[in-house]
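[1] fold the stuff below for me.
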Amino acid sequence: MKDGRQVIRRFAPGQDGRGFRRDAFAEFAARYGSHISGAISILQQMQFEFPRLGVSHIEQMRPELLFRHSIPFCVTEETFFQARDISSSYLAALLAGHTLALTNLDYHLDGVGPADNASATAKKIDLVSGTTYALRMVYAAGRLLSETGNADRIFRDVFDPISGFVILRMYEDWAERYSEDLLAHPEERLREYLNSPASRILASGYWELMARGSFASHGAAAPLDLISVLRKLRKLRQIVDEIGDLDEDIRAGLITVPILYALREDEGRGQVGEAIRVLWRHQRNEPDAPDDDLIAHVRKLVEEAGGFEASHAEADSVWRDACKDCAESFGDQGSDYLVLLDIKRAKLEFLSKNGWRDQVTEPSFMK
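    Residues are numbered from 1 along each chain as shown. Model prediction:
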């Protein structure tokens, strides 16, 4: 037991990844469901001047998406502030200004959208509606925070460094799509991708944003040791998702970790790079023609070059480093952050046993 709460059992490599994720999310839902439901209720009750935007807003109210993005805020509140009455208003503002504002921009700038059977995603809306909605959500976040008297700090310490980075990173990805220059010098590009503070490997920021938001709501700054662990969690998440999303990413013109590892190992032959060039030329010249065979060929070459296995090893290394840092810095106090790391490691285990393919349908924990 921890502070009267049941400690979630850690993930052990080799166990059922999907089962662990399901059980861990269910534990978090039981613990924080009422607080998260309160934030969702605040968002659902928002009024819009024009009905069309109101309809778009309701379409984005995917409880599973908001639940998963809320967990780090709730964990931080309880871990560092022993909060039993977690502020639904602060949480709603963070969800509005980051999760709801940026999700559809990500879909359009990445060139891909959510799977139809993915409960933990927002519904893709058209670009103009999505952009308008994003602006409206940033305004909504400011209004909610103005009621708390802490808006300036959260915009300065939370939204600006995290959401601002994510938006600019999405734009850079969009500007570089289908650039064959990205296929050259794979060793150098891989090193930069894994280590640069401006890399898209840090493009998923909601863990850090939510933890920073919790501290900012109490007028404090998050400890640097915690920020370091959360940065590694961001990196872990990106690598794991890039393994599962290879088909969608390469179709969208993105070069990700499995591709970079495969390009490095295949550099002497050039088969992986040439297969990608053929695919991209096909998409430019015949954008509506089927490309499944070309995608399958790229995937096969990536697998043969060890791109998935190398990415798996990198993600596993990041997980181990982050767990070590978290345990050394926070001891038992950081147990729930270790579970957040384990949730991504469990997905990695599932991917390794499922042909490096994702399976997005999972039970919903927010009713």
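[2] which is the next helix or strand following the helix or strand encompassing residue 139?
    Element membership of residue 139 [criterion: DSSP states H and E] is helix 127-146. Where DSSP H and E defines the elements, the next helix or strand beyond helix 127-146 is helix 151-154.
[3] what does that next one contact?
    The contact list for helix 151-154 (CB atoms under 8 Å, 6 or more residues apart in numbering) reads 90, 93-94, 142, 145, 213, 216-217, 219. (Each C-beta comes from the backbone N, C-alpha and C, glycine too.)
[4] put the alpha carbons of it into PDB.
    Only the C-alpha atoms of helix 151-154 are listed here, as PDB (Å, rounded to 0.1, in the frame of the first residue of the first chain):
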ATOM      1  CA  ALA A 151      -2.900  32.000 -16.100                       C
ATOM      2  CA  ASP A 152       0.400  33.900 -16.700                       C
ATOM      3  CA  ARG A 153       2.500  31.300 -14.900                       C
ATOM      4  CA  ILE A 154       0.900  28.300 -16.700                       C
END
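[5] where does the stretch 251-367 of the chain dip in pLDDT?
    The model of the stretch 251-367 of the chain has pLDDT under 70 over residues 360-367.
[6] 80 instead, please
    268, 287-288, 359-367 (pLDDT under 80).
[7] tell me which residues of stretch 250-269 are tucked away?
    250-267 (16 or more other CB atoms under 10 Å).
[8] check stretch 318-336 too.
    Buried, per 16+ other CB under 10 Å, within stretch 318-336: 318-319, 322-323, 325-326, 329-330, 334-336.
[9] do stretch 176-193 as well
    For stretch 176-193, by 16+ other CB under 10 Å, it's 178, 182-183, 186, 189-190, 193.
[10] out of these, the closest to residue 75 would be?
    residue 193 (28.6 Å; CB to CB).
[11] residues touching the host helix or strand of that closest one, excluding its own?
    Element membership for residue 193 (DSSP H and E) is helix 186-195. Helix 186-195 has contacts (CB under 8 Å, 6+ apart) with 182, 199-201, 235, 255, 257, 260-261, 263-264, 267, 314.
[12] in a markdown table, list these along with distance to residue 14.
    A markdown table is the format used below for the contacts of helix 186-195 (distance: CB to CB, whole Å):
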| residue | distance to residue 14 |
| --- | --- |
| 182 | 35 |
| 199 | 30 |
| 200 | 30 |
| 201 | 26 |
| 235 | 23 |
| 255 | 31 |
| 257 | 23 |
| 260 | 27 |
| 261 | 23 |
| 263 | 30 |
| 264 | 28 |
| 267 | 33 |
| 314 | 19 |
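[13] OK, contacts around the residue lying closest to residue 11 once chain neighbours are set aside?
    What sits nearest to residue 11 in space, not counting adjacent residues and going by CB to CB, 6 or more residues apart in numbering, is residue 342, at 3.7 Å. Residues in contact with residue 342, defined by CB under 8 Å, 6+ apart, are 10-11, 20, 24.
[14] please compute how far stretch 46-59 lies from its chain's middle.
    Its chain's C-alpha centre and that of stretch 46-59 lie 25 Å apart, by CA atoms, centre = their mean, to the nearest Å.
[15] quick one: average pLDDT of it?
    The average pLDDT within stretch 46-59 is 85.
[16] buried stuff in it?
    46, 56-57.
[17] alpha carbons only: can I get it in PDB?
    Taking C-alpha atoms only, stretch 46-59 is exported to PDB below (Å, rounded to 0.1, in the frame of the first residue of the first chain):
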ATOM      1  CA  MET A  46     -18.600  25.000 -22.900                       C
ATOM      2  CA  GLN A  47     -20.800  27.300 -24.900                       C
ATOM      3  CA  PHE A  48     -19.900  28.300 -28.500                       C
ATOM      4  CA  GLU A  49     -21.100  31.300 -30.400                       C
ATOM      5  CA  PHE A  50     -21.800  29.300 -33.500                       C
ATOM      6  CA  PRO A  51     -23.400  25.800 -33.600                       C
ATOM      7  CA  ARG A  52     -21.000  24.400 -36.200                       C
ATOM      8  CA  LEU A  53     -18.000  24.800 -33.900                       C
ATOM      9  CA  GLY A  54     -20.000  23.400 -31.000                       C
ATOM     10  CA  VAL A  55     -20.600  20.200 -33.100                       C
ATOM     11  CA  SER A  56     -16.900  19.900 -33.700                       C
ATOM     12  CA  HIS A  57     -16.200  20.300 -30.000                       C
ATOM     13  CA  ILE A  58     -18.600  17.500 -29.100                       C
ATOM     14  CA  GLU A  59     -16.900  15.300 -31.700                       C
END
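[18] what bits of the stretch 1-150 of the chain have low per-residue confidence?
    Ranges of the stretch 1-150 of the chain meeting pLDDT under 80: 1-8, 13-14, 83-86, 108-123, 148-150.
[19] quick one: the helices in it?
    Counting by DSSP state H, counting those that start in this stretch, the stretch 1-150 of the chain has helices at residues 17-44, 51-60, 63-81, 88-94, 101-110, 127-146.
[20] one more: the stretch 151-300 of the chain?
    Along the stretch 151-300 of the chain, the segments classed as helices by DSSP H, counting those that start in this stretch run 151-154, 164-176, 186-195, 206-217, 224-244, 246-251, 257-265, 271-285, 292-304.
[21] give the other helices and strands that the last one contacts.
    Using 3 or more CB pairs under 8 Å, 6 or more residues apart in numbering; DSSP states H and E, the elements in contact with helix 292-304 are helix 246-251, helix 257-265, helix 271-285.
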